[in-house]
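[1] What follows is a protein structure lacking sequence information:
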């Protein structure tokens, strides 16, 4: 298969920013008070928010519906409670999936009173409306993600990933300088690469922390690390 190059680049500095003091949130796509008609999402990927929450602070009880919500913690710990009776603490390596479906209320708080929590909140449109609400949390060790793209969410729950109700997969990787990984993008699908930290070259384009690249032509997406890096790659119908 031939290599493919990005069809669009989204730089970290172009994202929306909500700074509430206790919360600094960078929005890759339109969200809340940040509205940009040119960046409403990518295929079924609707939200990537990079959030930093101060110690002891967080999001009080609020409601969602008809969305697949995935939380991925980079540093610190995030406490979760919801109206389904689910509760827990999400730490680096943990992936939480919440199906909002017909309606869920939940809260998220920094579990620490001393350290900031840094995480990504991801929303994916579900395959249909009015799904039964659901919750799932799994841990993926650094060894599972080091030097490779490890599937962490999929529609079938394959390879121990969390199950999302959409024809979409999320892959995570931890890369050391010089590491190279490849993802084969099939015809008719699109990929969104989000660099959570570090620096990589993807499809011949240099990307830094917070940058993202879209791919919509079939072929091999070749990613090489220029520094220690952590990334998420979304493969979407």
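    Okay, I see it. Note that the structure is predicted; figures quoted are calculated from it, not measured. Residues are numbered from 1 along each chain as shown.
[2] Go through the helix or strand hosting residue 137 and flag the buried ones.
    Element membership of residue 137, judged by DSSP states H and E, is strand 134-139. Residues 134, 135, 136, 137, 138 are the ones in strand 134-139 that count as buried (16 or more other CB atoms under 10 Å). C-beta: built from backbone N, CA, C; applies to glycine.
[3] Same question for stretch 200-220.
    Buried residues in stretch 200-220, defined by neighbour count with 16+ other CB under 10 Å: 200, 202-203, 207-217, 219.
[4] now stretch 170-190
    By 16+ other CB under 10 Å, the buried positions in stretch 170-190 come out as 170, 171, 172, 173, 174, 175, 179, 181, 183, 185, 189, 190.
[5] what's near enough to touch the first one?
    It refers to residue 170. For residue 170, the contact set (CB atoms under 8 Å, 6 or more residues apart in numbering) comprises 70, 122, 151, 152, 153, 154, 161, 164, 232, 233, 234.
[6] Could you say which helix or strand holds it?
    Going by DSSP H and E, residue 170 is in strand 168-175.
[7] any idea how far that strand is from the chain center?
    9 Å (CA atoms, centre = their mean, to the nearest Å).
[8] partner strands of the helix or strand that that strand is followed by, parallel or antiparallel?
    The helix or strand immediately downstream of strand 168-175 is strand 180-185, counting by DSSP H and E. Under the criterion DSSP bridges, strand 180-185 sits next to strand 219-225 (antiparallel) in its sheet.
[9] Could you look up the next helix or strand downstream of the partner strand?
    strand 229-236.
[10] quick one on the thing from earlier: per-residue confidence averaged over the strand holding residue 170?
    Averaged across strand 168-175, the pLDDT comes to 98.
[11] and what of stretch 78-94?
    94.
[12] And the contacts of it?
    For stretch 78-94, contacts defined as CB under 8 Å, 6+ apart pick out 53, 58, 71-77, 96, 98, 104-111, 117, 119, 133-135, 137-142, 145.
[13] any idea which of the buried residues of strand 134-139 is closest to residue 224?
    Nearest to residue 224 among the buried residues of strand 134-139: residue 138, at 28.1 Å, using CB to CB.
[14] is that closest one in a bridge, and if so with what?
    residue 95.
[15] got a list of what it touches?
    For residue 138, the contact set (CB under 8 Å, 6+ apart) comprises 94, 95, 152, 160, 161, 162.
[16] Drop anything exposed from those.
    Taking 16+ other CB under 10 Å as the criterion, what is buried in the contacts of residue 138 is 94, 95, 152, 161, 162.
[17] Throw together a PyMOL command that grabs the buried residues out of the contacts of stretch 78-94.
    Entered in PyMOL, the line below selects the buried ones among these, by 16+ other CB under 10 Å:
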select buried, resi 53+58+71+72+73+76+77+96+98+104+106+108+109+110+111+117+119+133+134+135+137+138+140+145
